[in-house]
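K.L.:
Structure for this input, please:
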Amino acid sequence: MSEYTTISLRKEFVADVETYIEDEPFGSVKEFVKHVVVREMESDDEIGEAEARQIGQKLRDLGYVE
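P.N.:
Numbers count the residues shown, from 1 in each chain. Purely as a prediction, here's the structure:
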């Protein structure tokens, strides 16, 4: 039996994702997020430390990360 955990996301972010995936083959935000995370984990592309900081700052500026 698999164990699960919960990840909290801002409602505004979830609404944005729902709008984004309206015409996509994902049945839920959960499926989409899982797809994106798995794709990134399997990717050979690496981002540098500066780019990671820049992405983190953008997410904070948008209110998705505290």
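
K.L.:
who are the neighbours in contact with the most centrally placed residue in the chain?
P.N.:
Nearest to the mean C-alpha position of the chain, counting by CA atoms, centre = their mean, stands residue 33 at 5.2 Å. Residues counted as contacts of residue 33 (CB atoms under 8 Å, 6 or more residues apart in numbering) are residue 17. (C-beta placed from N, C-alpha, C; glycine too.)

K.L.:
Can I get the helix or strand harbouring it in PDB, CA atoms only?
P.N.:
Following DSSP states H and E, one finds residue 33 within helix 29-42. Written as PDB, here are the backbone C-alpha positions of helix 29-42 (Å, rounded to 0.1, in the frame of the first residue of the first chain):
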ATOM      1  CA  VAL A  29      -3.900  19.700 -11.400                       C
ATOM      2  CA  LYS A  30      -2.400  16.800  -9.400                       C
ATOM      3  CA  GLU A  31      -1.800  14.800 -12.700                       C
ATOM      4  CA  PHE A  32      -0.300  17.800 -14.400                       C
ATOM      5  CA  VAL A  33       2.000  18.700 -11.500                       C
ATOM      6  CA  LYS A  34       3.100  15.000 -11.200                       C
ATOM      7  CA  HIS A  35       3.800  15.000 -15.000                       C
ATOM      8  CA  VAL A  36       5.900  18.200 -14.800                       C
ATOM      9  CA  VAL A  37       7.900  17.000 -11.800                       C
ATOM     10  CA  VAL A  38       8.700  13.600 -13.300                       C
ATOM     11  CA  ARG A  39       9.700  15.200 -16.600                       C
ATOM     12  CA  GLU A  40      12.000  17.600 -14.800                       C
ATOM     13  CA  MET A  41      13.500  14.700 -12.700                       C
ATOM     14  CA  GLU A  42      14.200  12.700 -15.900                       C
END
